[in-house]
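*Asks:* Build me a model:
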Amino acid sequence: MSDRLTKLKEKLKKYEQEHLLMYYEKMGEDEKQDLLNKIEAIDFDLMQNLYKHAKNPIDLENAVIEPAEYVEKAKLTIAERNMYEQKGIEAIKKGKYAVVTMAGRTGNKAWS
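*Replies:* Sure, this is the predicted structure:
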């Protein structure tokens with residue numbers, strides 16, 4: 001067994017994720033290397049921390065709720081749409097997010 005595989009098995013055991021290597025022996029060499037690369041790329045400390053905090057109640061006491069700017073998508077140019085998309089991607093990369101709730105009329109027809 002390679003030193004790399006031994007270290008990864010120890011790491012997986014620490015985080016109770018040994019099942020990730022369940023089919024390792026049945027894989028071809030390229031698949032094995034790909035799997036090991038993917039496992040090495042996982043930040044298990046971060047995942048464990050996120051899971052732990054996901055169970056905690058959210059403190060909404062200091063949450064800021066404010067109206068969103070109104071933008072009619074149909075009236076935007078392609079360049080403007082791309083700019084807003086980039087702004088959104090950058091915000092997500094910085095760990096920022098927002099929740100937007102929208103409501104509107106669908107007409108006067110009764111649905112059955």
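*Asks:* buried residues in whichever strand or helix holds Asp34?
*Replies:* Per DSSP states H and E, Asp34 falls inside helix 29-41. Buried residues in helix 29-41, counting neighbours by 16 or more other Cβ atoms under 10 Å, are found at 32, 35-36, 39. Bear in mind the C-beta positions are built from the backbone N, C-alpha and C, glycine included.
*Asks:* ok, of these, which one's closest to Thr6?
*Replies:* Leu36 (11.4 Å; Cβ to Cβ).
*Asks:* pretty sure Leu21 contacts Lys9?
*Replies:* Yes: between Leu21 and Lys9 there is a contact under Cβ atoms under 8 Å: 6.8 Å.
*Asks:* How far away from the center of its chain is the lengthiest helix in the chain?
*Replies:* Counting residues, the longest helix found in the chain (DSSP state H) is helix 78-93. Between the centre of helix 78-93 and the centre of its host chain there is 18 Å, according to Cα atoms, centre = their mean, to the nearest Å.
*Asks:* What separation is there between the residue nearest the centre of the chain and Gln86?
*Replies:* Nearest residue to the geometric centre of the chain (Cα atoms, centre = their mean): Ile92, 9.7 Å. Using Cβ to Cβ, to the nearest Å, Ile92 is found at 11 Å from Gln86.
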